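*Asks:* Requesting a structural model of the entry that follows:
(2 chains)
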Amino acid sequence: MEKNDKITLIILVLIVLLGIIIRIAYVNYFGSEVYVNYYTHDTPNHIQYIKFVAENLSLPEVDKGLEYPQQPLYYIITGITYRFFNYFISSDQTILRMLVWLSAFFSIGALIFVYSLAKKITDSIWVQSFITGLFSFTPAIVYQAGMLNNDSFLTFLATGTFFFLVAFIKNEKTKNIILAIIFAVLTVFTKISGGILLIIILSTLIYKYGYKKDQKTNYKISAIIYLSFLIGFLCFGAYLYRAYIPSAGGFRFVESYVYEGQQTNPTHISYFLNFNFSEFLKEGQAFVYGNEHVARNFPTFLYGSFLFGEYSYTNITNIYPFIKILMQLIILLGLLFPLGIIINLFYIKKWNTVDYISAFGSIINLGLIIFFLFRYPSVCNSDFRYLSPMFSGLIILSGMGLYRFAERLGKLKFIIPVLCFSLISLEFFWIAGRIAIKIFMNI
Amino acid sequence: MNIFNNKLIWFVYFILIVFSMCLFNLFSITIDKSYLIQPDGIKNEITIPFQKDQFDFQNLNYEVEVNSNINQLADINIAVDDIIDKISVNGKEVNLEVVKKTYGKTALDDYKRGYLFNIPLKIGRNIIYISGQNIGGGYTLKFKQKPFFLIWMILFFTIGLPLSHLCIYFTKFINKFIFVWKKTIKLP
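*Replies:* Numbering: from 1, shown residues only, chains lettered A, B, ... in the order given. From the prediction side, this is the model:
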């Protein structure tokens, strides 16, 4: 190994290690307050689902609780874990705290998958660092580690699916595609939007083996495609069974409403096309009940919730104004993320299979969110976390877009990596600072 | 061998689908007759789902005659506007406490969607007696079976087999299209 390689490897490993430490620290200081967790408002409903499974060892009817229509895998795992620990520990809070650590474990797992994925898709060390760093330190992604819901588990499974699919694309080992299918099926049983991953796997197989003359490969791949379709139908069947309410004569796929104070207007074109960046920069946060120019505008809120989630930070920024300045800098530099995706469109002729599947999956996921918004036009339904199945795909698209753009800049190409490193460093300082404020000031 | 032209495969699929549908039908129950029993004991025949908009009675008593092809523990969704008090099948009372405990309820009052009950049915005619209360306004009765999960999945599996086969056939068309497309615009 050359000296340069060693240094670059150290940088990458350091980013991953810091990401793990940040998650552990975050869960240690925030995750312990399960019922009053700062960054989740529907925690009691998730706890209700977990306890239902723990007490009854069965699944609830979909219409009897706010979170009950959710796919059951996460709640089965946590419910059984809850029941198991309940034999030894009587404190409800202690067991729930242990379950939050399970979320942290999945979040760390997802981070390791992203790191491995970044190493597989590019040799450029700064792109690898950007992809891993963005996942390591972006506050909204770190928050998932301390939440008692299925988001962290979903991100872990979806990233795993993506990793094994990319591994299959690179080395064509059957083992990888089978693992990708297993992870995708588990994702579907965690959240139905994970179905996008099964569609991506099928599309990749069809795209990659477009027209192979080799009969042996053809049969093998045909068998895998055939099985994927069959598994897909079975997953869909199980989903329909659970969602069916005989007395209503219909299905309940989700439990959502148009929440008071959160109404949006998706029928108005400006809701989707305007990007109120200056307003967001001034505000420094994308609070779900906050400034309506930020919250009630799809691209602005999507971007805002990608960085800091859908929460208010006024209680901290009022005391420590420098935190707001740091947030504004992150908002400014964070533009690299959407810009990377947009810039990548100009290099579509250079796209490889990974770019295509990332773009394809992201478009479907985004389409589903837009469809959902027309049905339930509420601010919280435009949260970036609904893109969880495609987190890794979106970050890859952005990273590769910035890389391709930097290559065009000649002598000035160092600017892009410098900006990328600045962004992930600021994000690290922000999240570390937030944890420090919690430790020393208990805010 | 082109498996899409293989008549035997399609014939096997056909048999499997017919078999699973027969199985599905075997587990399905039929409602022969249903009545609203008045306080004086007079039975008025009703059609399920039943709805009346006037406040006639407070104590509601319904009788539903169900025909089952086999002995089974059927999942039946029952919704009474406003509260279910008692359910008995062929004279034996169904323990409602299990459902109440499951959902942490003191009264089964989800009048819109009701609850899922495990109802033991014997082959042939079964009499299900449902009593409840109407607190105000009109009153309703909804009574419908939810298919047994395993049977539902067998049905989905057997339908999924030929559908997957057709999807593969369809992808072969797409394959050819992509092959031409790739050559035309020189994608990687």
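*Asks:* Might you name the residue of the stretch 51-200 of chain A sitting closest to chain B?
*Replies:* residue A:63 (4.9 Å; C-beta to the nearest C-beta). For the C-beta atoms, the positions are set from N, CA and C on the backbone; glycine is no exception.
*Asks:* Give me the distance between residue B:30 and residue B:113.
*Replies:* Separation of residue B:30 from residue B:113 (C-beta to C-beta, to the nearest Å): 22 Å.
*Asks:* Of the two, which one has the most company?
*Replies:* residue B:113 (18 against 10; other C-beta atoms under 10 Å in any protein chain shown).
*Asks:* Distance check, that one against residue B:80.
*Replies:* 11 Å.
*Asks:* contacting residues around the residue of the stretch 51-200 of chain A closest to chain B?
*Replies:* Contacts for residue A:63 (C-beta atoms under 8 Å, 6 or more residues apart in numbering or on different chains) come out as A:69, A:245, A:248, A:252, A:255, B:110, B:113.
*Asks:* For the residues you listed, name the two members farthest from one another.
*Replies:* Across these, the longest distance by C-beta to C-beta is 15.1 Å; it joins A:69 and B:110.
*Asks:* for the residue of the stretch 51-200 of chain A closest to chain B, helix, strand, or coil?
*Replies:* Counting by DSSP: H, G, I helix; E, B strand; the rest coil, the backbone at residue A:63 sits in coil.
*Asks:* list the contacts for the closest residue in space to it that isn't next to it in sequence?
*Replies:* The shortest distance from residue A:63 to any non-neighbouring residue, by C-beta to C-beta, 6 or more residues apart in numbering or on different chains, is to residue B:113 (4.9 Å). Shown in contact with residue B:113 (C-beta under 8 Å, 6+ apart): A:61, A:63, A:245, A:247, A:248, B:77, B:79.
*Asks:* Recalculate using a threshold of 10 Å.
*Replies:* A:61, A:62, A:63, A:64, A:245, A:246, A:247, A:248, A:252, B:77, B:79, B:142 (C-beta atoms under 10 Å, 6 or more residues apart in numbering or on different chains).
*Asks:* Go through those and name the one nearest residue A:10.
*Replies:* Out of the contacts of residue B:113, the member with the shortest distance to residue A:10 (by C-beta to C-beta) is residue A:62, at 49.6 Å.
*Asks:* For the strand or helix carrying residue B:10, buried residues please.
*Replies:* If you go by DSSP states H and E, residue B:10 is part of helix B:7-27. By 16 or more other C-beta atoms under 10 Å in any protein chain shown, the buried positions in helix B:7-27 come out as B:13, B:16, B:20, B:23, B:24, B:27.
*Asks:* ok, back up a step: can you redo the contacts of residue A:63 as TSV with distance to residue A:202 and secondary structure?
*Replies:* Putting the contacts of residue A:63 into TSV (distance: C-beta to C-beta, whole Å; DSSP: H, G, I helix; E, B strand; the rest coil) gives the following:
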residue	distance to residue A:202	secondary structure
A:69	26	coil
A:245	30	strand
A:248	32	helix
A:252	27	coil
A:255	29	coil
B:110	39	coil
B:113	35	coil
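*Asks:* Which of these sits closest to residue A:292?
*Replies:* Nearest to residue A:292 among the contacts of residue A:63, with distances taken as C-beta to C-beta, is residue A:255, at 25.3 Å.
*Asks:* Return the distance of that closest one relative to residue A:339.
*Replies:* When residue A:255 is compared with residue A:339 (using C-beta to C-beta), they lie 36 Å apart.
*Asks:* hang on, the earlier thing: with pLDDT and distance to chain A added, can I get the buried residues of helix B:7-27 in CSV?
*Replies:* As requested, these are exported to CSV (pLDDT from 0 to 100; distance: C-beta to the nearest C-beta, whole Å):
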residue, pLDDT, distance to chain A
B:13, 92, 12
B:16, 94, 13
B:20, 95, 12
B:23, 94, 15
B:24, 94, 12
B:27, 94, 13
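*Asks:* I'd say residue A:199 and residue A:232 touch.
*Replies:* Yes: shown here, residue A:199 and residue A:232 form a contact pair, counting by C-beta atoms under 10 Å, at 8.1 Å.
*Asks:* what's the overlap in contacts for those two?
*Replies:* With C-beta under 10 Å, 6+ apart, residue A:199 and residue A:232 have common neighbours residue A:184.
*Asks:* Between those two, tell me which one has more neighbours.
*Replies:* residue A:232 (23 against 16).
*Asks:* could you say which helix or strand contains the more buried one?
*Replies:* Per DSSP H and E: helix A:215-243 holds residue A:232.
*Asks:* That helix - contacts with which helices or strands?
*Replies:* helix A:174-188, helix A:195-208, strand A:250-251, helix B:149-185 (3 or more C-beta pairs under 10 Å, 6 or more residues apart in numbering or on different chains; DSSP states H and E).
*Asks:* Could you chop chain B up by domain?
*Replies:* B:3-22+B:151-183, B:29-146 (automatic domain parsing).
*Asks:* Quick one: mean pLDDT for the last one?
*Replies:* Right, domain B:29-146. Average pLDDT, domain B:29-146: 91.
*Asks:* Any idea how far it is from the middle of the chain?
*Replies:* Counting by C-alpha atoms, centre = their mean, to the nearest Å, domain B:29-146 is centred 15 Å from the centre of its parent chain.
*Asks:* In contact with residue B:123: list those residues for me.
*Replies:* Contacts of residue B:123 by C-beta under 10 Å, 6+ apart are B:67, B:68, B:69, B:70, B:71, B:72.
*Asks:* hmm, back to that, drop anything exposed from the contacts of residue B:113.
*Replies:* The neighbour-count test (16+ other C-beta under 10 Å) marks A:61, A:62, A:63, A:64, A:245, A:246, A:247, A:248, A:252, B:77, B:79, B:142 as buried among these.
*Asks:* Tabulate the residues you listed (a markdown table), appending distance to residue B:91.
*Replies:* Output for the buried ones among the contacts of residue B:113, formatted as a markdown table (distance: C-beta to C-beta, whole Å):
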| residue | distance to residue B:91 |
| --- | --- |
| A:61 | 27 |
| A:62 | 33 |
| A:63 | 31 |
| A:64 | 30 |
| A:245 | 29 |
| A:246 | 25 |
| A:247 | 25 |
| A:248 | 30 |
| A:252 | 34 |
| B:77 | 22 |
| B:79 | 23 |
| B:142 | 23 |
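*Asks:* Which one of those residues is nearest to residue B:101?
*Replies:* Using C-beta to C-beta, the buried ones among the contacts of residue B:113 come closest to residue B:101 at residue A:64, 13.1 Å.
*Asks:* Got the phi and psi for that closest one?
*Replies:* phi -100, psi 0 (degrees, to the nearest 10).
*Asks:* Against residue B:117, how distant is the residue nearest the centre of chain B?
*Replies:* Centroid-nearest residue in chain B, with C-alpha atoms, centre = their mean: residue B:146, separated by 2.5 Å. Distance of residue B:146 to residue B:117, given as C-beta to C-beta: 10 Å.
*Asks:* Need the overlap of contacts for those two.
*Replies:* Going by C-beta under 10 Å, 6+ apart, residues that sit against residue B:146 and also against residue B:117 are B:74, B:75, B:76, B:77.
*Asks:* Just among these, which is most surrounded?
*Replies:* Going by other C-beta under 10 Å, residue B:76 tops these with 25 neighbours.
*Asks:* Distance check, the most centrally placed residue in chain A against chain B.
*Replies:* Among the residues of chain A, the one closest to the centroid is residue A:388, at 2.8 Å (C-alpha atoms, centre = their mean). The gap separating residue A:388 from chain B is 27 Å, by C-beta to the nearest C-beta, to the nearest Å.
*Asks:* do the same with residue A:205
*Replies:* Applying C-beta to the nearest C-beta to residue A:205 and chain B gives a distance of 8 Å.
*Asks:* try residue A:379
*Replies:* 27 Å.
*Asks:* Could you check the pLDDT of the closest residue to that residue other than its chain neighbours?
*Replies:* Excluding the flanking residues, the one nearest residue A:379 by C-beta to C-beta, 6+ apart is residue A:262, at 4.2 Å. On the pLDDT scale, residue A:262 is placed at 87.
*Asks:* residues contacting residue A:262?
*Replies:* A:288-289, A:292, A:295-296, A:310, A:376-382.
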